[in-house]
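# The following comprises the amino acid sequence and a computationally predicted model.
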Amino acid sequence: GAKKYAAEDKSEQKDDYLLTKIGGPSALEAAVDIFYEKLVVDPQLAKFFEGIKLDNLKAHQRKFLTLALTKVPEGVDVPALMDTKHAKLFKMGLNESHFDLVAGHLVATLEGLQVKKEHIDAIVGIVGPLRVVFEEGAKKYAAEDKSEQKDDYLLTKIGGPSALEAAVDIFYEKLVVDPQLAKFFEGIKLDNLKAHQRKFLTLALTKVPEGVDVPALMDTKHAKLFKMGLNESHFDLVAGHLVATLEGLQVKKEHIDAIVGIVGP
């Protein structure tokens, strides 16, 4: 009986909780207010708070710190929760250096409220290990962003699929009326040819799948035309019409040069 009631008393005893040691919920509320006042005016952190309702953010922070400074419920994966909650910010560039700034403001806030150094050190010991979440989160989202980032693709730079479609139409208008090339298009369904050209250029101006042997594919596709006399002089004519088409569409010279660098070989 003595053991049972001692255990119950211990479970209800919160004097050892850091939350109690720093002054309880009212002290925490004041700390969070001052903490955010520091965060939102920090030039390296301010962008992460743009368009955010601070009252909501403060409420979430109070809940988190209340748990962190008392007892985190079993089954709650704090690092995973932090990663999920900060996903949007990681995509905006949030990383471990920002965590360090935030931690610094937290320490300064607690010092300003005359919290004992031993308690501040204990709090840092609790939140400090979460730094790795910001480090890994930044890397993860940077990698995802890089895999999704297509701004470096030439297709994007020349205006995207719609611009490519317009370019192919104009390109073929030039080809079919060129007296030195016209014979190669006799009896050919231009719509089919344009569709194939769009597919080819889409790959060429983004990323050719691994394992695709472009020279061998071109050789096979043009076998019939080679028998009709197609040669490198015709390639030069075609390349000239492609350049003229892109110039007519106001594509930047640097992008045209890059495209020629891809198809030229």
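Yep, it's here.
# residue ranges with poor pLDDT in the stretch 151-265 of the chain?
The stretch 151-265 of the chain contains residues with pLDDT under 70 at 151-152.
# Which stretches in it count as helices?
Secondary structure of the stretch 151-265 of the chain by DSSP state H, counting those that start in this stretch: the helices cover 154-157, 161-176, 190-204, 214-221, 223-227, 232-248, 253-263.
# Throw those into a markdown table and include mean neighbour count and distance to residue 98, thanks.
The way it works is simple: take the backbone N, C-alpha and C, and place the C-beta from them, glycine included. Output for the helices of the stretch 151-265 of the chain, formatted as a markdown table (neighbours: other C-beta atoms under 10 Å; distance: least, C-beta to C-beta, whole Å):
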| stretch | mean neighbour count | distance to residue 98 |
| --- | --- | --- |
| helix 154-157 | 18 | 29 |
| helix 161-176 | 16 | 37 |
| helix 190-204 | 14 | 38 |
| helix 214-221 | 11 | 44 |
| helix 223-227 | 10 | 59 |
| helix 232-248 | 15 | 43 |
| helix 253-263 | 14 | 35 |
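# got those helices as TSV, with distance to residue 56 columns?
Putting the helices of the stretch 151-265 of the chain into TSV (distance: least, C-beta to C-beta, whole Å) gives the following:
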stretch	distance to residue 56
helix 154-157	36
helix 161-176	40
helix 190-204	44
helix 214-221	53
helix 223-227	66
helix 232-248	50
helix 253-263	45
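# And these: which comes nearest residue 16?
Residue 16 sits nearest to helix 154-157 of all these, at 58.3 Å, using C-beta to C-beta.
# What is the closest one packed up against?
On a contact count with 3 or more C-beta pairs under 8 Å, 6 or more residues apart in numbering; DSSP states H and E, helix 154-157 meets helix 253-263.
# relative to helix 161-176, how tilted is the helix it packs on?
Orientation of helix 253-263 against helix 161-176 (axes from the mean of the first three to the mean of the last three C-alpha atoms, to 10 degrees) gives an angle of 70 degrees.
# quick revisit: nearest to residue 125, of the helices of the stretch 151-265 of the chain?
helix 154-157 (47.1 Å).
# Keeping just the C-alphas, turn the closest one into CSV.
C-alpha atoms of helix 154-157 as CSV (Å, rounded to 0.1, in the frame of the first residue of the first chain):
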residue,chain,number,x,y,z
LEU,A,154,16.7,24.1,-72.2
LEU,A,155,13.1,23.2,-72.9
THR,A,156,12.1,25.5,-70.0
LYS,A,157,14.4,28.2,-71.0
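# How about residues contacting that helix?
150-151, 161, 164, 201-202, 205-206, 252, 255, 258-259, 262 (C-beta atoms under 8 Å, 6 or more residues apart in numbering).
# Specify which member of the residues you listed is nearest to residue 103.
Of the contacts of helix 154-157, the one sitting nearest to residue 103 (C-beta to C-beta) turns out to be residue 151, at 33.5 Å.
# Reduced to three states, what does residue 65 come out as?
Here residue 65 is recorded as helix under DSSP: H, G, I helix; E, B strand; the rest coil.
# any idea how far residue 89 is from residue 82?
Per C-beta to C-beta, to the nearest Å, residue 89 is found 11 Å from residue 82.
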